[in-house]
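S.K.: here are the coordinates; sequence isn't available:
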């Protein structure tokens, strides 16, 4: 009988351990969660591009630096905009240049969503981003893909390079993501 009760206690302990959902962006996991989220976002973008018969974009370190730099400013100011009030970093092209990117064509996709909090769709339906996959889907498919300008950047033939950067405000549960895209500026002559 004692073994039977021990087994039952052990069984319920296992169930409680495996049924607990993984908390996102804890002190111990934040760096790995951000890296994993960036990877999921890249795969979703590659999938969209493949559906339009576009080649995958190539990661570029200078664009990553530019994206991270701008997200620091976005998180600090709370302004989810493409233009800063700091002259040296005012525009996407200035940020990319100062990070060392040489090509002339720059595009940016910027978005913010939340995790672990109720959000509403355009139709008023309530949802919660509970996993990294949920967050990536919200950012790429619910925000960027539904925006004409952001979507045009994602599928743009003219872009060959890009980088994704993510930053998180754990107090407000906000996730900010930036995609900086780059390519050669081709001037059409008549």
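M.R.: Here it is on my side, so go on. Everything numeric here is computed off the predicted structure, so don't read it as measured data. Numbers count the residues shown, from 1 in each chain.

S.K.: can you map out the strands along the protein?
M.R.: Applying DSSP state E to the chain gives strands spanning 58-59, 105-114, 118-120, 126-128, 161-169, 174-183.

S.K.: As JSON lines, those with mean neighbour count and mean pLDDT would be great.
M.R.: Quick note: C-beta positions are derived from backbone N, CA and C, even for glycine. What follows is the strands of the chain, written out as JSON lines (neighbours: other C-beta atoms under 10 Å; pLDDT from 0 to 100):
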{"stretch": "strand 58-59", "mean neighbour count": "12", "mean pLDDT": "98"}
{"stretch": "strand 105-114", "mean neighbour count": "20", "mean pLDDT": "98"}
{"stretch": "strand 118-120", "mean neighbour count": "11", "mean pLDDT": "96"}
{"stretch": "strand 126-128", "mean neighbour count": "11", "mean pLDDT": "97"}
{"stretch": "strand 161-169", "mean neighbour count": "22", "mean pLDDT": "98"}
{"stretch": "strand 174-183", "mean neighbour count": "25", "mean pLDDT": "98"}
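
S.K.: Please convert the ones you listed to a markdown table, extending it with distance to residue 153.
M.R.: Converted to a markdown table, the strands of the chain look like this (distance: least, C-beta to C-beta, whole Å):
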| stretch | distance to residue 153 |
| --- | --- |
| strand 58-59 | 15 |
| strand 105-114 | 4 |
| strand 118-120 | 23 |
| strand 126-128 | 25 |
| strand 161-169 | 9 |
| strand 174-183 | 6 |
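
S.K.: Grab the longest helix from this structure for me.
M.R.: Longest helix in the chain by number of residues (criterion: DSSP state H): helix 30-51.

S.K.: Enumerate the positions of that helix that are buried.
M.R.: 33-34, 36-38, 40-42, 44-45, 48-49 (16 or more other C-beta atoms under 10 Å).
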